[in-house]
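Novice: Got a predicted model here, sequence first, then my questions.
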Amino acid sequence: MPEPSPASPSPPASPSSPSSPPPPPSSPPPVCASTTITGLPRDRFASREELLAYVQEFSLSQGYAVVIRKSNVPRGQVWLRCDLGGTYKSSTEPATGKRKRKTSSRLQNCPFQLYGRRLPDSSWVLKMLNNQHNHDLATEKTELETHPIARRLNTAQKRLVVELTDSGLRPAVIVDRMRARFPDRLVKVQDIYNARNYIRRERLAGRVPFPEITGEVDSAEDRPEVDNTSRSLPEGLSTETVQAQAILAIAAASLTTWSDQKRASFVQELKRLVTRYTSDQEPSNDHSANSLEENTETLALESTSPPPPPPSV
């Protein structure tokens, strides 16, 4: 008895058949709720500094960071955007023939923007121009470390970095000290390396690193009480002479890090100041001016002599 032939496979159903309806047209995905900022809890501020500080604090609490895009101080205007806004524009000429570094950009052309304006009564008002972000917002504190503006050192942190750097501590140890003292602030080891390099460059150039921290104290309770009634200059010394001697002492401590040309130009400028102060002094102050001029001559001799050799290990 012959075997039955296998049944031939049925042809696939055509797309137009009623048993298989066509798929619905694709629609763009809706904007995620986490990338839409509904509004700002506060929009009036007493000053520009207060506005910027509030915007930065509020944005970090929401998982993003803002930077100043454009500012017009005379007209009292400031435009802010998300720090991921804008696009990367290369400033390197391609025809130089030099090897380019392999770099990447964090910018994602985020449209989020804010606008601040000064009112006639000197107060400031804040307005949201665009409340959309085209990226996910940070949900964990560690995710904010990718935003450099969120890790910017404040005045107290700068002072601590200078103190610990001068103490010879390693950057990893400085980071641990910073996190223990400022648990709410973000800091990475690379930030400490950058700060140390900045301190070294400024001191080699004869400048004071982080000049905004000079002479500042943490709180009013830390300020020592000064009795101005009992303070007076020694007889025969003027305020200008004391200031010049202080400048001379500070500069002499930095001479070993200066170049020969910088030392020579400093000595010439200091001699000019001494001559001016000497001509302005009264006869009773001649001995103080002469003492300052002698110190200047000593400094000039020391600046022309080579620095001492480093100690042998």
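Specialist: Good, I have the coordinates.
Novice: Find the nearest non-adjacent residue to A195, please.
Specialist: Nearest residue to A195, sequence neighbours excluded (Cβ to Cβ, 6 or more residues apart in numbering): V161, at 4.9 Å. No exception for glycine: its C-beta is placed from N, CA and C like everyone else's.
Novice: Give me the residue ranges of the stretch 1-150 of the chain where confidence is low.
Specialist: Low-confidence segments of the stretch 1-150 of the chain, defined by pLDDT under 70, span residues 1-34, 88-105, 141-143, 145.
Novice: and the residue nearest to A195, what are its phi and psi?
Specialist: phi -60, psi -40 (degrees, to the nearest 10).
Novice: shouldn't it be in contact with N194?
Specialist: No - counting by Cβ atoms under 8 Å, V161 does not reach N194; the two are 10.1 Å apart.
Novice: More neighbours: the two, which one.
Specialist: It is V161, of V161 and N194, that has more neighbours when counted by other Cβ atoms under 10 Å, with 26 against 15.
Novice: Buried residues of the helix or strand where E49 lies, list them for me.
Specialist: Counting by DSSP states H and E, the element that carries E49 is helix 48-62. For helix 48-62, the neighbour count (16 or more other Cβ atoms under 10 Å) marks R48, L51, L52, Y54, V55, Q56, F58, S59, L60 as buried.
Novice: how about TSV for the residues you listed, with distance to V66 added?
Specialist: Formatted as TSV, the buried residues of helix 48-62 follow (distance: Cβ to Cβ, whole Å):
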residue	distance to V66
R48	14
L51	11
L52	9
Y54	11
V55	6
Q56	6
F58	9
S59	5
L60	9
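Novice: and which of those is nearest G76?
Specialist: R48 (7.6 Å; Cβ to Cβ).
Novice: does that closest one really touch R118, like I thought?
Specialist: Yes - contact criterion Cβ under 8 Å: R48 and R118 qualify, at 7.1 Å.
Novice: Now the common contact residues for the two.
Specialist: G76, W124 (Cβ atoms under 8 Å, 6 or more residues apart in numbering).
Novice: Can you tell me who the residue nearest to F112 when sequence neighbours are not counted pairs with across the strands?
Specialist: Closest residue to F112 apart from its sequence neighbours, by Cβ to Cβ, 6+ apart: C82 at 4.1 Å. Bridge pairing for C82 (DSSP bridges) gives the partners V66.
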